[in-house]
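K.L.:
quick check, what structure comes out for this input:
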Amino acid sequence: MGLRRGEVLGVALVVDLDERVIRVGNQLQRIGGELYQDTTKTGKIRPVPLPLICLAALRWHRFRLAGAPAPSSLVFTTRTGRPIEPRNLNRSFSRLTASAGLRPIRLHDARHGCATLLTAAGVAPRVLMEILGHSQISMPMDVYTHVAQDTQREAISHMDRLLKRRPDQA
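P.N.:
Have a look, this model is predicted:
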């Protein structure tokens, strides 16, 4: 869904599954040896719609947490209910991609992948900016313009097909 690593780790359990939205307002980071929770990079809370594919997993996760030893306000925790170390999330992501037979990519590349897919699907730059939590529209425009150009090229290729003369119309 295009979240930054710290935002994923800082997602609170107050996810509104009925409305299919998470409100991203916190991040969890390790700085100077300390693990701390803070506001997001922009300092604003942004609603991010949940894809249907996430609902069942989050409902199951919420059910499992009901019996957790140390309840946490975070969605993603260790088995003992403690916050996940940011580097451990990277390691887990690397193991998951390897077991899926994918080439090695960074966790942050999944954020770019989300933005690329949304751009290719024709999502407006302003909406993309809000989903990703960018403070300026120039950021997604600068980074993902190549996708829009590829999409435009594909759209124009339909003109060739539509305007191509058929031998029986000559």
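
K.L.:
hang on, R111 packs against G2?
P.N.:
Yes. With contact defined as Cβ atoms under 8 Å, R111 and G2 form a contacting pair (5.2 Å). No exception for glycine: its C-beta is placed from N, CA and C like everyone else's.

K.L.:
joint contacts of these two?
P.N.:
L132 (Cβ atoms under 8 Å, 6 or more residues apart in numbering).

K.L.:
and N90, how many residues sit next to it?
P.N.:
14 (other Cβ atoms under 10 Å).

K.L.:
need the pLDDT of it.
P.N.:
N90 is assigned 95 on the pLDDT scale.

K.L.:
heads up, I number from 49, so please use that
P.N.:
I'll keep to 49 as the first residue from here, and by that count the last item is N138.

K.L.:
which ones are touching it?
P.N.:
By Cβ under 8 Å, 6+ apart, the contact set of N138 is R53, R154, L155.

K.L.:
kindly give a single ChimeraX line that selects the buried subset of the residues you listed.
P.N.:
To isolate the buried ones among the contacts of N138 in ChimeraX, judged by 16 or more other Cβ atoms under 10 Å, type:
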select :53,155
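
K.L.:
closest to L180 among the contacts of N138?
P.N.:
Among the contacts of N138, R53 lies closest to L180 (Cβ to Cβ), at 13.4 Å.

K.L.:
ok, now how distant is the closest one from N136?
P.N.:
Separation of R53 from N136 (Cβ to Cβ, to the nearest Å) stands at 11 Å.

K.L.:
would you map out the domains in this protein?
P.N.:
Residue ranges for the domains of the chain, per automatic domain parsing: 49-153, 154-218.

K.L.:
wait, L113 touches L61, no?
P.N.:
Yes. At 7.5 Å, L113 counts as touching L61 under the criterion of Cβ under 8 Å.

K.L.:
re earlier: going by mean pLDDT, which of the domains of the chain comes out lowest?
P.N.:
Among the domains of the chain, domain 154-218 carries the lowest mean pLDDT, a mean of 79.

K.L.:
need phi/psi at S186.
P.N.:
Per-residue torsions, S186: phi -60, psi -30 (degrees, to the nearest 10).

K.L.:
cool, and the one 4 residues further on?
P.N.:
For D190, the backbone dihedrals (degrees, to the nearest 10) come out as phi -70, psi -40.

K.L.:
what's the neighbour count on it?
P.N.:
9.

K.L.:
quick one, strands of this structure?
P.N.:
Using DSSP state E, the strands assigned to the chain run over residues 69-72, 74-79, 82-87, 94-97.
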